[in-house]
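Q: Kindly return the folded structure for what I paste below:
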Amino acid sequence: MNPHDPHGEAVAASFKWQSTSQGMSAKSSNIDEIYACDVFDQRKMRERLPKHIYNNVLNTIESKGRISMDDAEVIATAMKDWAIERGATHYTHWFQPMTGLTAEKHDALITPDGQGSIVYRLSGSSLVQGEPDASSFPSGGLRATFEARGYTAWDPTSPAFIVRGTNYATLCIPTAFVSWNGEALDKKTPLLRSIDALNKQAMRILKIFGTDDGVHSVGSTLGSEQEYFLVDRNLYFARPDLVSCGRTLFGATPPKHQQLDDHYFGSIPTRVNAFMADFEEELFRLGVPVQTRHNEVAPGQYEIAPLFESTNIACDHQAILMDTLKRVAGRFGFVALLHEKPFAGMNGSGKHNNWSMSTDTGVNLLDPQDETHTTRQFMTYLCAVIRAVHLHGDLIRAAIASASNDHRLGANEAPPAIISIFLGDMLTDLIEQIEKGSTSRTLKGGSLDLGARSLPDLQRDSGDRNRTSPFAFTGNKFELRAVGSTASVAWPNTVINTIVADSLSYIAGEIEKQLGDKATDAKRDQVVLKVLQGVVKEHKAIIFNGDNYSDEWQEEAAQRGLPNLRSTAEALPALERSVAKKLFKKHKVLSGSELESRVEIFAEKYITEVCIEAEQMVSIARTMLLPAALKHQRNNAETINASEQAGVECGQLRESLDAFADLTMRFQSQIEKLEAALTLPDQPPLEQCTYCRESVIVAMDELRALGDALEVHVESAIWPLPSYQELLTLR
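A: Just a heads-up that it's a prediction; the model follows:
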């Protein structure tokens, strides 16, 4: 399902490994040579495994059992044989620690046989379990430095794949990562737990409506669009801020950037198109199904959009996509920037997190159908999401909080930090009917006559879209637009799955309590409507279909009691509240200590990133920009002195020189103020986050303003950094 297509149907095999073969490469007429050939997918399992073991794998994928060690031995041998046929010499347990990146430790598939020869071997135990050193990964206090043991556990619901380089091929086995105590040290483990929690509660709703026949599981589906910038590699390495921080810490806005909107959806530059072709081909080889590519708003900015998949696989594929993006960009002399705001004053980058729920039989539970007012089941799932977001909007905000995303949220291309839901005209009307206690109509969009004989009539949707809403219903899914472009999508979707599971649990409990045994369909519909009526009355304050950027909404949201958490420092405390601890513990997604560890990890990452940027800023300012400003000042002074000695009146030039000298002195003084601010107080991490927001970042903003003012006046031949004009112009 295309995440841009509000009418797409859920992928029937969304909970099974997919062999992506939806088109032909221009370079090959053999699908197997290009599409999914480096993925040990369901088709290859079926070809290489005994039927009963293959069926056991399917049962595991469908949450109906676990793979035995005997089966694991057979699977490992088949996977090893396939991998060495594809040229692999090593394997790795590929996992996603709390760094926000992926991690891997490569082990050889080659083993001495003790008789002077070698054999290729991958045992079942090596497939199922690994033991990387856990001491140096972020643990938030779950592990001390001297407590090094950690385990990786094979995730059989996500297919293994081969990553290639110029002279290597490595078999990557997706795994979870836990400590010696079994506590989650990664982003996959809580995600899988949240999927189980959602499945359990969503199945209760299906059972209430009698639509659970033939359904083995319900899970969330995800299509996560990725925005990014491309810059020339040689210019990138001339910018220490881009190298160490991923964004420009200084840079004056050029006369022309995105004001004319001429880059958005414009013709893709030839060199970029060539990169995109190779990028997408490699993604197809890795089983990552992508469909859409286009220019984004800012010069040098682009977007790629995937097809929908089950959330666990989609999150793995997002991590693969980001790694592949950076790797392939280098082949074309580019560096891919994933930072949320690499260029101040211009469009930033995010991920549009398109989330829905689907059965393993392919039924999208958030598809309104044609006569929505008659579909009580859809209304139930919809109201569960509304209740979840209203009760736990602060957790959603915390889930997308980071130092880099703080630069973007609330700007023109990203929703503000007030979490609200957009439903559109048709669903808003339906919610109002539910509140009144009866449903009798579904608003229709009708058709559009464009007034030209050659143009077709267009089928109009029942409501418009809202690009300012953080959590918008877009046809048959909700789009969380506020996820940052550098972020792993696993954590935001863990939170969404969990809060929706909790609301489904509440609604199912209320319906079951009032319904009793052997109720008729009519009584069931009456009870469901009554329960949903209560939910709507209590939680309708989260629904807002207007302009989320307006000042009026800020005031109205406050009156509705919706939190406005403008920064990471304000958002993270939501994870410490008792309601969050009870929520994650109730659904067995995170224990109290696991949740506390994440608060500490997120806080420490925020503090560290801010301090790295501040220190890099001081270094650039002191060693590059200040010398350039002083040289420019000296050159001007010498020119003025020589002119005056020749009898030329230079009063206006001297005034300009005095003003520039004053600017330079203020710049130098601000460097010292930022250095002083970098002495952090001895406080708990969350309080240090607040200090960084209120002191360090404020000092950085002031230094940047002065530095950018200097750039405007200094001769370009002297200024040591490539300008925005150069960085944003791809050749």
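
Q: in the chain, what secondary structure element scores lowest on mean pLDDT?
A: Scoring the helices and strands of the chain by mean pLDDT, DSSP states H and E places helix 31-34 at the bottom, with a mean of 45.

Q: Tell me the helix or strand right after that helix.
A: Later in the chain than helix 31-34, the nearest helix or strand by DSSP states H and E is strand 39-40.

Q: Partner strands of that next one and their direction?
A: Sheet partners assigned to strand 39-40 using DSSP bridges are listed as strand 160-164 (antiparallel).

Q: from the chain's centre, how far out does the partner strand sit?
A: A distance of 22 Å separates the centroid of the chain from that of strand 160-164, by C-alpha atoms, centre = their mean, to the nearest Å.

Q: Can you name every helix or strand that the next helix or strand along the chain from it contacts?
A: Moving toward the C-terminus from strand 160-164, the next helix or strand (DSSP H and E) is strand 169-179. In terms of contacts (3 or more C-beta pairs under 8 Å, 6 or more residues apart in numbering; DSSP states H and E), strand 169-179 is packed against helix 69-85, strand 90-94, strand 150-154, strand 160-164, helix 188-209. For glycine as for every other residue, the C-beta is placed from the backbone atoms N, C-alpha and C.

Q: what's whichever helix or strand comes after the second one packed up against?
A: Just to be clear, that refers to strand 90-94. Downstream of strand 90-94, the first helix or strand assigned by DSSP H and E is strand 106-108. Here strand 106-108 touches strand 90-94, going by 3+ C-beta pairs under 8 Å, 6+ apart.

Q: can you tell me how far the closest residue to C37 other than its chain neighbours sits from A277?
A: Leaving aside its chain neighbours, C37 sits nearest to R285 (5.9 Å; criterion: C-beta to C-beta, 6 or more residues apart in numbering). Distance of R285 to A277, given as C-beta to C-beta, to the nearest Å: 13 Å.

Q: Have a look at these two and say which one is more surrounded.
A: Each of R285 and A277 has its neighbours counted (other C-beta atoms under 10 Å); R285 has more, 22 against 15.

Q: Next one: the more buried one relative to R164, how far apart?
A: From R285 across to R164, the span is 8 Å (C-beta to C-beta).

Q: Could you pull up phi and psi at the most centrally placed residue in the chain?
A: The residue lying closest to the centre of the chain (C-alpha atoms, centre = their mean) is V489, at 3.8 Å. Note on V489: its backbone torsions stand at phi -80, psi 0 [degrees, to the nearest 10].

Q: That one contacts A314, correct?
A: Yes: between V489 and A314 there is a contact under C-beta atoms under 8 Å: 7.3 Å.

Q: Can you list the low-confidence ranges for the stretch 301-450 of the chain?
A: Applying pLDDT under 70 to the stretch 301-450 of the chain flags the ranges 410-413.

Q: now the stretch 51-200 of the chain
A: 145-146.

Q: Go again with 80.
A: Across the stretch 51-200 of the chain, the ranges flagged by pLDDT under 80 are 62-65, 113-114, 116, 133-135, 140-148.

Q: Please name the nearest non-neighbouring residue to G546.
A: Excluding the flanking residues, the one nearest G546 by C-beta to C-beta, 6+ apart is W553, at 6.3 Å.

Q: So for whichever strand or helix holds the one you found, what gets flagged as buried?
A: In this structure, W553 sits in helix 551-560 according to DSSP H and E. Of all the residues in helix 551-560, those buried under the rule 16 or more other C-beta atoms under 10 Å are 553, 556-557, 560.

Q: Let me see the ranges of the helices in the stretch 301-450 of the chain.
A: In the stretch 301-450 of the chain, the helices defined using DSSP state H, counting those that start in this stretch lie at 311-329, 376-399, 424-436.

Q: how about those, which one is nearest I67?
A: Closest to I67 of the helices of the stretch 301-450 of the chain, according to C-beta to C-beta: helix 311-329, at 16.1 Å.

Q: Identify each buried residue in that closest one, please.
A: Buried residues in helix 311-329, counted by 16+ other C-beta under 10 Å: 311-322, 324-325, 328-329.

Q: can you check stretch 576-589 too?
A: Neighbour count says stretch 576-589 has 580-581, 583-584, 587, 589 buried, by 16+ other C-beta under 10 Å.

Q: Including secondary structure, distance to H407 and pLDDT, could those go into CSV?
A: Shown next, in CSV, are those (DSSP: H, G, I helix; E, B strand; the rest coil; distance: C-beta to C-beta, whole Å; pLDDT from 0 to 100):
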residue, secondary structure, distance to H407, pLDDT
A580, helix, 26, 98
K581, helix, 30, 97
L583, helix, 29, 98
F584, helix, 29, 98
H587, coil, 33, 98
V589, coil, 29, 98
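
Q: Out of these, which comes closest to K631?
A: A580 (54.2 Å).

Q: now the residue nearest to the centre of the chain: how far from T102?
A: From V489 over to T102 the distance is 13 Å, taken as C-beta to C-beta.

Q: that older thread, ok, the residue nearest to C37 to I320 distance?
A: 11 Å.

Q: same deal with D70?
A: The value you get for D70 to I320, if C-beta to C-beta is used, is 30 Å.
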